[in-house]
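A.B. asks: Quick one, fold the following:
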Amino acid sequence: MSHTVITASSTTTSASDGVVNLGYSRTIPGLLKLAQMVALLITFLCVHCVRGWPNWAAFQFLHVVSAWFLVVLLVFFLMHLFRLQAKMPCINWPLTEFFHYAIGTVLIFIASIVAAVLAGGVSALVVASVFGFITTFLMVVSLLTSYSVSCGPQQTGAAM
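C.D. replies: Residues are numbered from 1 along each chain as shown. So this is what the prediction gives:
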């Protein structure tokens, strides 16, 4: 009497198994990052395109702060999009993003206040300060959501 064993295997693939995590751009943190990048890009372009600034140093600060945080947000977005944070586990990424949002919120808020006060009626600079305030609001929302992830109560696997 011979026995025959037949095994069947099936493989399933999903869109989340690939290299790119396109679903991240449809989540709340992903949409917040996209909105922040758009608002910072508008702020940067409005300050960049104005000639004859009323106060050069104040608007240069807004220019540099908006460019810097735009680049950093793009890096964080690409890291989440390509799942690079899983490949670099030596860095605490939620805490890094929390500090980025904390520092960015303060600096963009200060730069927007200074730009609003010293705009001198130049409409592009007024628009830049308004979008700076919009970015500040979006970064506060991201700060609060990242705080709940990185600093909230930690779940343990042990039952009490």
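A.B. asks: Going along the chain, name the helices of this structure.
C.D. replies: Along the chain, counting by DSSP state H, helices occupy 28-49, 56-81, 93-117, 123-150.
A.B. asks: Return the set of buried residues in the longest one.
C.D. replies: This means helix 123-150. Applying a neighbour-count criterion of 16 or more other CB atoms under 10 Å, one finds 124-125, 127-136, 138-139, 141-143, 145-146 buried in helix 123-150. For the C-beta atoms, the positions are set from N, CA and C on the backbone; glycine is no exception.
A.B. asks: Next: the third one.
C.D. replies: Applying a neighbour-count criterion of 16+ other CB under 10 Å, the buried positions in helix 93-117 are 93, 97-98, 100-101, 104-105, 107-109, 111-116.
A.B. asks: for L81, what are its contacts?
C.D. replies: 20-22, 24-25 (CB atoms under 8 Å, 6 or more residues apart in numbering).
A.B. asks: Residue ranges in the chain under the pLDDT threshold?
C.D. replies: Across the chain, the ranges flagged by pLDDT under 70 are 1-17, 53, 148-160.
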